[in-house]
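**Q** Based on what follows, work out the 3D shape:
(chains A and B)
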There are 2 protein chains.
Amino acid sequence: MAQIIADRRDIDFVLYEQLDTEDLTRFPKYSEFNRKLFDMTISEARNFGIKEILPTFSQGDRDGVRLEAGKVFVSESFRKPHRLYVEGEWIAMKDDPAVGGQGLPHIVAQAASEYLVGANFAFTAFGTLGHGAGKLVELYGTAEQRDLYLRHLYSGKWGGTMLLTESGAGSDLGALTTTATKNPDGTYSIAGSKIFITNGDQNLTENIIHPVLARIEGAPKGAKGISLFIVPKIWVNDDGSFGDFNDVVCTGVEEKLGLHGSPTCSLTLGAKGKCRGVLLGEENKGMQVMFHMMNEARLDVGAQGFTHGSAAYLYALNYARERHQGKDITAGADSPQVPIIRHPDVRRMLIQMKAYTEGMRSFIYYVSRCFDMEACASTAEEKNYYAQMTELLTPVVKAYCSERGFDVCTLAVQVYGGYGFTREYPVEQLLRDCKITSIYEGTNGIQAMDLLGRKLMMKKGAVFQSLISEMESTVLRAAAIPGLADMAEAVKAAISGLNEIAAHIAKAVMSDRVRAAFAASHPFLEIMGDVIMGWMLLWRASVAAPKLEKIAENASGEALEAIIENNRQAAFYDGQLKTAAYFIYALLPITAGKIQALKKSRDEVIQISEKSFGGL
Amino acid sequence: MAQIIADRRDIDFVLYEQLDTEDLTRFPKYSEFNRKLFDMTISEARNFGIKEILPTFSQGDRDGVRLEAGKVFVSESFRKPHRLYVEGEWIAMKDDPAVGGQGLPHIVAQAASEYLVGANFAFTAFGTLGHGAGKLVELYGTAEQRDLYLRHLYSGKWGGTMLLTESGAGSDLGALTTTATKNPDGTYSIAGSKIFITNGDQNLTENIIHPVLARIEGAPKGAKGISLFIVPKIWVNDDGSFGDFNDVVCTGVEEKLGLHGSPTCSLTLGAKGKCRGVLLGEENKGMQVMFHMMNEARLDVGAQGFTHGSAAYLYALNYARERHQGKDITAGADSPQVPIIRHPDVRRMLIQMKAYTEGMRSFIYYVSRCFDMEACASTAEEKNYYAQMTELLTPVVKAYCSERGFDVCTLAVQVYGGYGFTREYPVEQLLRDCKITSIYEGTNGIQAMDLLGRKLMMKKGAVFQSLISEMESTVLRAAAIPGLADMAEAVKAAISGLNEIAAHIAKAVMSDRVRAAFAASHPFLEIMGDVIMGWMLLWRASVAAPKLEKIAENASGEALEAIIENNRQAAFYDGQLKTAAYFIYALLPITAGKIQALKKSRDEVIQISEKSFGGL
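**A** The predicted structure is shown next:
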């Protein structure tokens, strides 16, 4: 049967053949797990995702959300799966069992969550945002705060949010104006208005915990004077019982391009002067705390973009196999219609979607594995290595995967032709839903600035150089495998190109050409993402080639083409080789062009007068 | 005041400074016009578009369409502007006065229509589809048919459609199954079902004329056995009076990603055995006739994609000038928030949008001018030259402008940030509405096949070579202008690259590597479009440079930067230079990468087994 949402064979390939996930179980942290348990978790996620969540995908989109008297009502189709979502403990898969988690490796949780997020992100967001709020409480809360909130946030019984953005403070959080005033009982009175709050109100969970950025009176200006507060929708007494409703009112919900099932709220806090919150962490340290949450959220958003692409690819692939239209281009006029997957341009779109989808899967799982290795590392040095690698790669995961995910959705619409433009098929909604990923949790422009301004020069560039070394060792291994030398050579050249252009731009950042350098930040991030795709696909090919060879050896004498047609494993491995070759020969030269462009481009982006943009 | 929809200064630049539109008035065909009349038409279109049509943009999207008992009701907001649209004779701007047209040059009509289409394509489509049906009647109808239908179609009093697609015959029209049986009175009884019919039914016009592709009983198989019929919604008697309603029923309207205001209908013809039509043109020659219509429609669709991009660019530009967020990247922490147009990455997005928008404007106007030159040409040879140039460029206009238009809309959403994802601003709708342009009137894959399979080798490649020569003469002229030599050199290299890769692929088409060649058809079309953008932007720069120099000379001694800040014309011309330089140095090297990719790419797209795509 055709697979949907995510290709399980490919997931297994990345988990067990590309990245040795079973190996994690030799560490004390994951010693109670084994491959069977990992596989069961993923299979359950798949069943749950397809059976319970997927039916809410289109339903939730059609129902949208309803705001009545300051309260938000979400699609009733969410209610049953949400109960199962809570019961199944899906939300805290990778958290410590001590705080209610399942303690799974990040990489396995990532694999499982492909099926949940891919089935309907508007639905799973209720859980993941609650989890994000819980993570703040776990890391920065007092023991009492953890006792009060954590269990319910990690189970999904309560929801959570992030109250950052204000109408005058979007990307520039330091400009926010929400105030906090200390009360005699140690709580704070909060007053202000927040916008773009995902799940800011909803009727699915018992309570909602709002982490709120606000400025304590008299605090320093800008980002240094911002503190973080917990503002529950319903006050939670010290014994865990509910008190009164807090003074938080939803004043509006956005009508949006996509994610119609997920309410995006404007919230007013303290309109009656009665909004109460408690400080989380230290005064004026709110931004650091929030950045922790945002970094995790950024990886999640990159994964979200990728997951939409993965689902869109499989829908389009299944459609292309089933839809008969047009004759084979080399066949005569009287020949029958063929499935559109036979048409060269449709194949081109599909292999491009496959290359990006699989490259992104490997990339994201690799970063998940870095988290696991950090958790398992025995020395501080090793821990740091993985932690810093994650930091370096976070903006690339977020920005690159959100954009390529959107591109894959766009191609999926194209493969469907006219049907792709209709709501009869799921791809138009994937395209709409996916678009937000390049915007929220820091626009991709912000990610590119983060990469160039903070990450590239971490430890004087040593972290970036570690990445280059990781890539180069893959190239070395691949070069030794029969048939892969050419591809390895091409990827090696791309890595050198990335390294050169990184040095070129880093120099500009530190010179007086800062503005011009930052005009290159997004193109640079794209180049880095492209080269990482090349790396990951070459890595895949280097795993697949020997396995294909072995199958061929065992099928003594049979032609390779016949083996591929008749042996599913052979078809899979050959697909890895062909996809890598496609990316490396047909797309990576374009990346070389992008590198040339950054070298050649002058400062027009900066020099052009604001008046010269026209339209006046 | 900020401009919207289209930049009038830029329109005037293309019309009168890049392409000598006034010169057209020296030909008899346009001798009754002058620049003042052209300008008046465009200004009126602008006023009408902004004042009357633009308010329907978001309203029509929200209202959508309603199907009741086989009849379709469209947004009531369309009614008044439609009356004015008919009264103002906007629909047949470029048609012969003898048939009710205004007789304007295509290029001027194109300029005017930017403001109409850009204001709301879902609205203007009612007119343009009627016009398309009228064009068929004008060219292929009998004198009686012209008398009966033409006036009402060209005025917009009646609407029109194109009944081509069936559920099993989309891109492959030859597979259609609708039948036509000749009646004793010379009419035909039509029976079949058609889908994806834009404006297939609506309550805005008095009548609707459906051109219908059908197969006369006993006709040859495939495309050679298809005839074209006129099927009016309400029968038109020989004296022009209305007869009965025809047996055409709307059985469904699509729910779509965009263009909600425009009904996309499924129509059943002859369910009661009473659908009557009359033959248009000759039996079994329906496809040729329809191709004529489709070619015009393809240019319109390319222009539609471009126009969405143009509108999106101006909205984003205005927003970027007004929205204050974040500090200047080189300023201290205490500095004030600046308009986001100051941020390097926002500028990068804007200049990229500008480059594509203006490049597409020049390209589309250039093709319009080819129509005008064809109409004015005194020799058959000259006529052919322009007609064939148009044929060659049609698939590029359609596919390239639809995709770049969508890209510009996507960037516009990104410039708006979170607001871009909401319906509060127009850009998300432009993105949704624009998406169809890469799909209908022949998917872009079909366009790429048309370019490679039919157009590139027209007259053994001589037409393509004429285009190369046109481009090279621009380069020659530019190279002689102080300051433009480097840019000219770069564009020259790009043209050579295009020419080489065209030869490379043409060879493959004619070898046994046909499938591989067609896998490169869309990338080739992209390369051709990119190089055309470079050509057009260099051309613009070569017009702007001497004019900027002259302004500078007259402002003796003042620094160029100050001149640009204080003189609107100088700002405009310098914008042309900077935009061309940006495109040529920062984007054209990527095109060189695409050319390299086509040279290096092997046949993975074709070789990969269908099973190896995964998902099974």
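**Q** what about A:Asp334, neighbour count?
**A** A total of 8 residues lie near A:Asp334 under the criterion other CB atoms under 10 Å in any protein chain shown. Quick note: C-beta positions are derived from backbone N, CA and C, even for glycine.
**Q** correction: A:Ile468
**A** What A:Ile468 shows, counting by other CB under 10 Å, is a neighbour count of 18.
**Q** and it, that's in a strand?
**A** No - assessed with DSSP: H, G, I helix; E, B strand; the rest coil, A:Ile468 is helix; it does not lie in a strand.
**Q** what's the distance between it and chain B?
**A** Distance, A:Ile468 to chain B, using CB to the nearest CB, to the nearest Å: 21 Å.
**Q** Okay, the residue nearest to that residue when sequence neighbours are not counted and B:Ser601: tell me how far apart.
**A** Nearest residue to A:Ile468, sequence neighbours excluded (CB to CB, 6 or more residues apart in numbering or on different chains): A:Asn499, at 5.5 Å. Shown here: A:Asn499 relative to B:Ser601, a distance of 25 Å by CB to CB, to the nearest Å.
**Q** Would you map the helices across the stretch 151-300 of chain A?
**A** Taking DSSP state H, counting those that start in this stretch, the helices of the stretch 151-300 of chain A run over residues A:151-155, A:286-322.
**Q** sorry, back to before: between A:Asn499 and B:Ser601, which has more neighbouring residues?
**A** B:Ser601 (21 against 18).
**Q** Just the pLDDT for that one.
**A** pLDDT, B:Ser601: 80.
**Q** which parts of the stretch 401-550 of chain A sit against chain B?
**A** A:406, A:410, A:413-414, A:417-418, A:420-424, A:428, A:431-432, A:435-436, A:438-440, A:443-445, A:448-449, A:514-516, A:518-519, A:521-523 (CB under 8 Å from any CB of the partner chain).
**Q** For chain A, which residue gets nearest to chain B?
**A** A:Gly593 (2.0 Å; CB to the nearest CB).
**Q** Wasn't that residue part of a helix?
**A** Yes - under three-state DSSP, A:Gly593 falls within a helix.
**Q** Kindly tell me how buried it is, as a neighbour count.
**A** Neighbours of A:Gly593 using other CB under 10 Å come to 20.
**Q** cool, and the one 3 residues further on?
**A** The local packing count at A:Gln596 equals 19, with neighbours defined by other CB under 10 Å.
**Q** Correct me if wrong: it contacts B:Gln596.
**A** No - A:Gln596 lies out of contact with B:Gln596 (CB atoms under 8 Å); the separation is 10.0 Å.
**Q** Can you give me the domain assignment for chain A?
**A** For chain A, automatic domain parsing gives the domain ranges A:8-65+A:76-155, A:160-284, A:285-455, A:458-603.
**Q** most tightly surrounded among the ones you listed?
**A** Highest mean neighbour count among those (mean count of other CB atoms under 10 Å in any protein chain shown): domain A:285-455, with a mean of 23.
**Q** what's the span of it from first residue to last?
**A** 21 Å (CA to CA, to the nearest Å).
**Q** how far does that domain sit from the chain's center?
**A** 8 Å (CA atoms, centre = their mean, to the nearest Å).
**Q** got it, and stretch A:229-243?
**A** Using CA atoms, centre = their mean, the offset of stretch A:229-243 from its chain centre is 31 Å.
**Q** how long is it from one end to the other?
**A** Stretch A:229-243: ends 18 Å apart by CA to CA.
**Q** Check the average confidence over it, would you?
**A** Stretch A:229-243 comes out at a mean pLDDT of 97.
**Q** sorry, back to before: does the residue nearest to A:Ile468 sit in a helix or strand, and which one?
**A** helix A:485-510 (DSSP states H and E).
**Q** which strands and helices sit next to that helix?
**A** Contacts defined by 3 or more CB pairs under 8 Å, 6 or more residues apart in numbering or on different chains; DSSP states H and E place helix A:485-510 against helix A:462-479, helix A:514-519, helix A:521-554, helix A:588-600.
**Q** Helices along the stretch 1-150 of chain A, start to end?
**A** A:8-12, A:35-48, A:55-63, A:79-87, A:106-119, A:121-140, A:143-145.
**Q** okay, those in JSON lines with mean pLDDT and distance to B:Val14 next?
**A** What follows is the helices of the stretch 1-150 of chain A, written out as JSON lines (pLDDT from 0 to 100; distance: least, CB to CB, whole Å):
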{"stretch": "helix A:8-12", "mean pLDDT": "98", "distance to B:Val14": "49"}
{"stretch": "helix A:35-48", "mean pLDDT": "98", "distance to B:Val14": "55"}
{"stretch": "helix A:55-63", "mean pLDDT": "98", "distance to B:Val14": "41"}
{"stretch": "helix A:79-87", "mean pLDDT": "97", "distance to B:Val14": "55"}
{"stretch": "helix A:106-119", "mean pLDDT": "98", "distance to B:Val14": "46"}
{"stretch": "helix A:121-140", "mean pLDDT": "95", "distance to B:Val14": "43"}
{"stretch": "helix A:143-145", "mean pLDDT": "96", "distance to B:Val14": "64"}
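**Q** Which one of those lies nearest to B:Asn34?
**A** B:Asn34 lies closest to helix A:55-63 among those, at 53.9 Å (CB to CB).
**Q** and the angle for that closest one with helix A:79-87?
**A** 130 degrees (axes from the mean of the first three to the mean of the last three CA atoms, to 10 degrees).
**Q** So helix A:55-63, near chain B or not?
**A** No - for helix A:55-63, no contact with chain B is found by CB under 8 Å from any CB; the gap never falls below 9.1 Å.
**Q** which stretches of chain A have low pLDDT?
**A** Across chain A, the ranges flagged by pLDDT under 70 are A:1.
**Q** rewinding a little: let me have the helices of the stretch 1-150 of chain A in CSV, adding distance to A:Glu283 as columns.
**A** Formatted as CSV, the helices of the stretch 1-150 of chain A follow (distance: least, CB to CB, whole Å):
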stretch, distance to A:Glu283
helix A:8-12, 45
helix A:35-48, 41
helix A:55-63, 40
helix A:79-87, 34
helix A:106-119, 32
helix A:121-140, 12
helix A:143-145, 15
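**Q** between the ones you listed, which gets nearest to B:Ile5?
**A** Per CB to CB, nearest to B:Ile5 of the helices of the stretch 1-150 of chain A: helix A:55-63, 30.3 Å.
**Q** Now find how far off-centre that closest one is within its chain.
**A** 22 Å.
**Q** Check what contacts it and list those residues.
**A** The contact list for helix A:55-63, computed with CB atoms under 8 Å, 6 or more residues apart in numbering or on different chains, reads A:74-78, A:81, A:119-120, A:122-123, A:258, A:260-262, A:423, A:426, A:429, A:433.
**Q** For stretch A:490-502, C-alpha coordinates in CSV please.
**A** Only the C-alpha atoms of stretch A:490-502 are listed here, as CSV (Å, rounded to 0.1, in the frame of the first residue of the first chain):
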residue,chain,number,x,y,z
ALA,A,490,31.8,17.3,-6.5
VAL,A,491,30.7,17.5,-2.9
LYS,A,492,34.2,18.2,-1.8
ALA,A,493,34.4,21.1,-4.1
ALA,A,494,31.1,22.4,-2.8
ILE,A,495,32.4,22.2,0.8
SER,A,496,35.5,24.1,-0.2
GLY,A,497,33.3,26.7,-1.8
LEU,A,498,31.2,27.0,1.3
ASN,A,499,34.3,27.4,3.4
GLU,A,500,35.8,30.0,1.2
ILE,A,501,32.7,32.1,1.0
ALA,A,502,32.2,31.9,4.8
